[in-house]
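> make a model of this:
(2 chains)
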Protein chains: 2
Amino acid sequence: MNLSVRELAEQARVAQRAVAALDADGRRRLIWAMADELSVGRGAVLAANVEDMARAEAAGTRGAMLDRLRLDDGRIDGIVSALREIAAQDDPVGAVTRQQTLPNGLLVERQRLPLGLIAMIYEARPNVTADAAALCIKAGNAVLLRGGSEARSSNAAIAACLHAALCANDLPEAAVSVITDPAREHVLELLQLSDLIDLAIPRGGESLIRFVAENARVPVIKHYKGVCHLYVDRAADADKALDLLVDGKTSRPGVCNALETLLVHIDRVDDLLPQLVEMLAAHGVTIHGCERSRTRLPDIEAIEEVGFDREYLDLEVSLKLVDSLEEALAHIVKHGSDHTEVIVTEDAGAADNFVRGVRSSAVMVNASSRFNDGGQLGLGAEIGISTTRLHAYGPMGAESLTIERFVVRGEGQVRHPESRQARGDR
Amino acid sequence: MNLSVRELAEQARVAQRAVAALDADGRRRLIWAMADELSVGRGAVLAANVEDMARAEAAGTRGAMLDRLRLDDGRIDGIVSALREIAAQDDPVGAVTRQQTLPNGLLVERQRLPLGLIAMIYEARPNVTADAAALCIKAGNAVLLRGGSEARSSNAAIAACLHAALCANDLPEAAVSVITDPAREHVLELLQLSDLIDLAIPRGGESLIRFVAENARVPVIKHYKGVCHLYVDRAADADKALDLLVDGKTSRPGVCNALETLLVHIDRVDDLLPQLVEMLAAHGVTIHGCERSRTRLPDIEAIEEVGFDREYLDLEVSLKLVDSLEEALAHIVKHGSDHTEVIVTEDAGAADNFVRGVRSSAVMVNASSRFNDGGQLGLGAEIGISTTRLHAYGPMGAESLTIERFVVRGEGQVRHPESRQARGDR
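A predicted model of the protein is given here:
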């Protein structure tokens, strides 16, 4: 890297003005062009990904991590169509969200403004490079991308496609700036630039998030781990419980909205627990159970209390039997990560108590944890899922990359008309 | 202080659950009771304020700072009525802000949740103690208050009234916790409690804000200084310009939404500038002008470039002549503090360009900067004016002390129905 991180950020900040100055159609065309460049340039991206995968496998990277890193034609198609969806969305910049005329005649509007320059610090999944860039641009921002070294070839190839689209639209490449040098000092430097960077979004594992949280002088929204719970209530429908467990745990175990813990009401240990366990076994899921569950299921692994904090990201699950919904809630408050919690119940009162009792970014009643995703919840693509209870909580789309400010229009109104008197008096 | 800051925060965090568990009427009654206790107990508060004022005067505190500290019967009435307004507002907790049924039948809601435990770190104005507590409670939060040592007697007396209201409503006093020991180490300790505190709001001068920003491990929203500009456009109405200047600069110079800088289009130096200057002189305002303005107004003080960054908080103003709206915008981007900017113009195109060109928390077209205030803009009371472009920007009312999360209700929907197939296959 020839430029320092500060120089990169300064250039990105200047480029942001050009992105913000585009009209809605301009930003739409730009993101569409990014999708086209990626679709046409996929050969180079896939070749780069083969390099990253080979390096990762040689380094002994395990299942879920490898799955996150991997690209194929289908996943490139997924990125391209995500970008086209982002392009097609309503432009959030300048949108007036509320309007009110006050008794004194002032017209008060709330209007969306880009945040400015966003630093995205992430690991593994190379699709984040494209998604994050497109979403930041959609909201009139510039972005500084710092991906993980394991995906460096893929990220560079994707960034080249994005830069080609910027150039073709006469916009500075610096609007999507990439830190390619893997040294962590660059992240450290970036996190000090409170005069240039408006928001840092770390998205990744514990070590990355901790590093960012402990060193940042810029505002941070964490996209942290998901220790997601499925609570099978006394009044659970058996079929729904089985469906939600298998979808939540096995459909893509390496992602943050996958289930990690199964809580089962004690009244359902005779009729439903055996079916749930059989289902997990059929899908190759290892169970780590509480002491009480092991008196009934002696073949499962034992779990220590601390084990309930674990995000397996793999075909493993924690199991605990609870005497009540309240005990389930207390467990979630103690061991959860504020990400996603699910209740399976036909009892509307129990559902309401569950919703009130958890404060996670998404609460699901009889629906899969895997729906906690911007695309699935109607936001279009997402830059990630915030687990910071500030600004945005849960999936963050383009709108979450703006801020509302006040625009006030008057006819010369003043707050203290007596000042006018003083003028008359002079 | 017998309890450590961590112990105080732990108690406040437990108390928060009791505040969040109240229904809307419960929180309304509680805040109304706080207003009553303050109104009835004003004697003790005013007596305490006399102590603070005497100490401050003895320490040589100057005009604007003294004005911020002072309480009298009218200001107590103001606090009491602000609390009653907060009580009367719609309760934000649990409010559903959006609702959507997706094609797969999922009902997706966005629902407001309290932030949790808020630490308020502020200086001078003792009314903040009551306003901040009431707003945090209204939004279902607990609050940890750390006021300035200069107002410690007033703050303690106000807190005693608030605690009396909590007790009378069978709620823990810890819901409004006060750090009374003036040592700054306590602020430092508080800012490290990222497991307990969801948001810190520093509100005060440069030294306080810098200390918090540099030491916080918890999320921070700054309520920082206002270097507010009034731009008198080529197409300005003279009378409006005079009214907005005198209201913005002189009606309460010690507050953050007061004007600090006057920018005048060069085309108006002959007809309007002399009137503006005469008006300022009539109100005892000292002018610090740019070189060009001093060739026309040799009697005014000279200003260095760096002087344009100053927040006088007093009867002083910076003056600069500009050749165009673009030059005014460039000056604001360089020297502004993202607080409040005003344009006086009868030209709708110029107004739009000004609104687009500044990214401050409030932009005023032909309206006084002094309207950038929660009460004035229809939010009811405010906990302060955010100059952090994240979460909330501009005046923050009770709604800004909540976060939206996702509540999803289904009938057993899963994301990957093929998992079900696997089940059928086994």
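
> can we go C-alpha only for contacts and neighbour counts from here?
OK.

> for the residue in chain A that chain B sits nearest to, what are its contacts?
Proximity of chain A to chain B (Cα to the nearest Cα) peaks at residue A:391, 3.7 Å away. Shown in contact with residue A:391 (Cα atoms under 8 Å, 6 or more residues apart in numbering or on different chains): A:400, B:390-392, B:403.

> just the helices from the stretch 151-300 of chain A, written as ranges.
Assigned by DSSP state H, counting those that start in this stretch, the stretch 151-300 of chain A shows helices spanning A:152-168, A:184-191, A:206-215, A:238-250, A:273-282, A:291-296.

> what would those helices look like in TSV with distance to chain B?
Listed next are the helices of the stretch 151-300 of chain A as TSV, based on distance: least, Cα to the nearest Cα, whole Å:
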stretch	distance to chain B
helix A:152-168	23
helix A:184-191	12
helix A:206-215	6
helix A:238-250	5
helix A:273-282	7
helix A:291-296	23
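
> give me whichever of these is most buried.
Counting by mean count of other Cα atoms under 10 Å in any protein chain shown, helix A:238-250 has the highest mean neighbour count of the helices of the stretch 151-300 of chain A, with a mean of 24.

> contacts for that helix, please.
With Cα under 8 Å, 6+ apart, helix A:238-250 has contacts from A:230, A:232, A:257-260, A:272, A:275-276, A:279-280, A:283, A:315, A:317, A:344, A:366-370, B:411-417, B:419-420.

> what do you get for stretch A:30-46?
Applying Cα under 8 Å, 6+ apart, the set of residues contacting stretch A:30-46 is A:71-73, A:76-77, A:79-81, A:83-84, A:86-87, A:134, A:137-138, A:154, A:157-158, A:161-162, A:164-166, A:169.

> show me what counts as buried in it.
Residues A:30-39, A:42, A:44-46 are the ones in stretch A:30-46 that count as buried (16 or more other Cα atoms under 10 Å in any protein chain shown).

> with adjacent residues omitted, what lies nearest to residue A:252?
residue A:258 (6.7 Å; Cα to Cα, 6 or more residues apart in numbering or on different chains).

> ok, now residue A:294?
Nearest one to residue A:294, counting by Cα to Cα, 6+ apart, is residue A:300 at 6.6 Å.

> what's the pLDDT at the one you found?
pLDDT, residue A:300: 94.

> what of residue A:405?
So residue A:405 comes in at 97 (pLDDT).

> so it lies in a strand, does it not?
Yes: using DSSP: H, G, I helix; E, B strand; the rest coil, the assignment for residue A:405 is a strand.

> wait, it touches residue B:364, no?
No: between residue A:405 and residue B:364 no contact is recorded; they are 11.3 Å apart, counting by Cα atoms under 8 Å.

> of these two, give the one with the bigger neighbour count.
residue B:364 (28 against 24; other Cα atoms under 10 Å in any protein chain shown).

> check which helix or strand covers the more buried one.
Element membership of residue B:364, judged by DSSP states H and E, is strand B:362-367.

> just the residues contacting the helix or strand just after that strand, thanks.
Toward the C-terminus, strand B:362-367 is succeeded by strand B:384-390 as the next helix or strand (DSSP H and E). For strand B:384-390, the surrounding residues in contact (Cα under 8 Å, 6+ apart) are A:115, A:198-199, A:219, A:391, A:403, B:203, B:221-224, B:337-339, B:360-361, B:373-374, B:392-397.

> tell me which element residue A:39 is part of?
Here residue A:39 is assigned to helix A:24-40, by DSSP H and E.

> quick one on the thing from earlier: show the buried residues in the contacts of helix A:238-250.
Buried among these (16+ other Cα under 10 Å): A:230, A:232, A:257-260, A:272, A:275-276, A:279-280, A:283, A:315, A:317, A:344, A:366-370, B:411-416, B:419.

> is the helix or strand harbouring residue A:133 up against chain B anywhere?
Using DSSP H and E, residue A:133 sits within helix A:127-138. No: Helix A:127-138 lies out of reach of chain B by Cα under 8 Å from any Cα of the partner chain, never closer than 14.6 Å.
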